[in-house]
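**Student:** After the sequence you'll find the predicted model.
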Amino acid sequence: MMPTAKKPRRFIACFVRVIAVALLLVPNAAEARLLQERGASSHAQASSPWSLWKELVPLIRAKDIAAARALIAGSRQTARLLHRELLFDAAAARLYGNLELPYALDLRPLLAEGDAEAVALEIKFGAWIQEPKPGVGLAGKGDGLEQIILLATVAQLRDQGKEMGDGAPTGTPRELVERALALAEQTGIELAVASFSATLSVYALREKRLADIDPQIGRSEQIWRRWDHPVGLFQAPLIVAYGQFVGEKWNDAAINFKRAAERAKALPALRAERVNAMNMLAAARRNLGEKDGVRDALTEALAEQPAVLAAAGDHDTRLKQSKVLADLQVQMAAALSALGRHAEAAEWYVRAAASMFMAFTRSARKAGSALARSAACLKFIAASSHFSPINCP
C-alpha cells in the first residue's frame, strides 16, 4: 500500500543474515553470565511484545548486544511473540512494498537464537520472499502466522487480478482480509491487526463507504503509535484525508494531508509519498480558495520532486516521475497566474514543457523506432501547443 516495493534480492540477503546469526552466533562467557543474572530477575520479564520491543530498541541502537540477549532470555515467551510480530511486519513489507520497523532486521536474529520454531519460520520466510505466492514457505498450510500470511498473499494477488488456481482460499480480497484480520485478533499479532484494519479502510475508501474508514484506520493508528511505526503513522492521516477529500470536507482533508506530509519528512524512502500528500494538500486548498496556500504546498512538493526523479531506478519509474514533475510545474504556473504573477507563471509553463518533452523523449528512446520518436514529439506538441513550433523527426 505504500512505498516502492523492495527488490527480492534485498530480502534474500536479509533472510540469509537472519538465519546465519540465529544459527551461528553463540554468546561468549561474559554474555552468558549476564544472561543468567538478568534472566533470573523477575523484573526482566516484559509484559507484551511491544513493551519488549520498546526496551530492546535502545539496546540495539547502542549496539549493546549482550544486554539485548539478557533481556530476551528473561522474557523468552514474550520474545517469541515479538519475533512473530516482526516477521509479519517483514512479510507485509515484501507484500505491500512498505518499510519494516527500524532495527527489526538487527533484532530478529537475536530473537530467533535458540528457538527452533522461530528458526523454522525464518527458513519458510526465506522461501516465501523469493516467490510470494500461496503454498510457498510462510504462506503454507500451517496455523497462526502462516495462515495469516497465506490469506494476505492471496488477497493481494487477487486484488491485482491474478488467480492462483486450485487450492487457494476462496473469496474476494476484502473477504480474505477480513478472515486474516479475525485470525490476527485470535493469535494476538498486533501489527497484523493494524495492517489488515488499514487495508479494509482502503477498501472502504475505494467503495466510498466513507463512514467505515475512520473506525478501521483509527484502530490501526492506535497500534502503530504504540509501536512507533513510522510508515503506519504516515499512512493513517493520509487515508483519513483521502476519505475527507472524497466527502468534500476540504478543510479537514487539508489538515490531514499536511499531517501526513510532515510525518513523511523524516523518511527519505517516503519522499515520493510526501510529494503526493503535498499535491493533494494543494488540491484541498484550491477547493477552499486559498491561493497562497496552494502555492506554498506546491513549492514544498516541487522542492522534493527532483530528488524523487533522481532516485528513480528504472525507465518506467523515471517516466512516471517526470510526468509528476511536469504536472506540478503546470499547477504552479496556474497558481501563480491566479495570484496575478503572470511573468513567473510563464516561466513555470516553460519548465513544464521541458519536463514533458523529456518524459516523451524517454518514452521514445525506450521504444527505439523513428516512428515512436515522431509520435512522442507530436504528443509533446499537442501537450504544449501554446509554445513555439518544433520540428519533429
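**Tutor:** Here it is on my side, so go on.
**Student:** how does this protein divide into domains?
**Tutor:** Here the domain parsing of the chain from automatic domain parsing is 1-132, 320-393.
**Student:** Counting by contacts, list what the biggest helix by length in the chain packs against.
**Tutor:** Ranked by residue count under DSSP state H, the longest helix found in the chain is helix 342-367. In terms of contacts (3 or more Cβ pairs under 8 Å, 6 or more residues apart in numbering; DSSP states H and E), helix 342-367 is packed against helix 315-338, helix 370-383. For the C-beta atoms, the positions are set from N, CA and C on the backbone; glycine is no exception.
**Student:** weakest of those by average pLDDT?
**Tutor:** Note on the helices and strands packed on helix 342-367: lowest mean pLDDT is at helix 370-383, with a mean of 50.
**Student:** So Tyr96 is in contact with Ala155, correct?
**Tutor:** No. Tyr96 is beyond contact range of Ala155, at 10.7 Å (criterion: Cβ atoms under 8 Å).
**Student:** Neighbour count: these two, which is higher?
**Tutor:** Taking other Cβ atoms under 10 Å, Tyr96 and Ala155 do not tie; Ala155 has more neighbours (25 against 17).
**Student:** Quick check: closest non-adjacent residue to the more buried one.
**Tutor:** Leu176 (3.8 Å; Cβ to Cβ, 6 or more residues apart in numbering).
**Student:** Equivalent analysis for Ala334, please.
**Tutor:** Here the residue nearest Ala334, using Cβ to Cβ, 6+ apart, is Ala345, at 7.3 Å.
**Student:** Okay, that neighbour and Met332: tell me how far apart.
**Tutor:** 8 Å (Cβ to Cβ, to the nearest Å).
**Student:** out of the two, which sits in the more crowded spot?
**Tutor:** For Ala345 versus Met332, the count of surrounding residues by other Cβ under 10 Å is larger for Met332: 24 against 19.
**Student:** what about the helix or strand hosting Leu121, distance to the chain center?
**Tutor:** Element membership of Leu121, judged by DSSP states H and E, is helix 116-130. Offset of helix 116-130 from its chain centre (Cα atoms, centre = their mean, to the nearest Å): 22 Å.
**Student:** Can you name every helix or strand that that helix contacts?
**Tutor:** When contacts are defined as 3+ Cβ pairs under 8 Å, 6+ apart, helix 116-130 packs onto helix 8-24, helix 76-96, helix 104-112, helix 145-159.
**Student:** which stretch in the ones you listed has the least confidence?
**Tutor:** Minimum mean pLDDT among these: helix 8-24, a mean of 45.
**Student:** Fine by me, thanks again.
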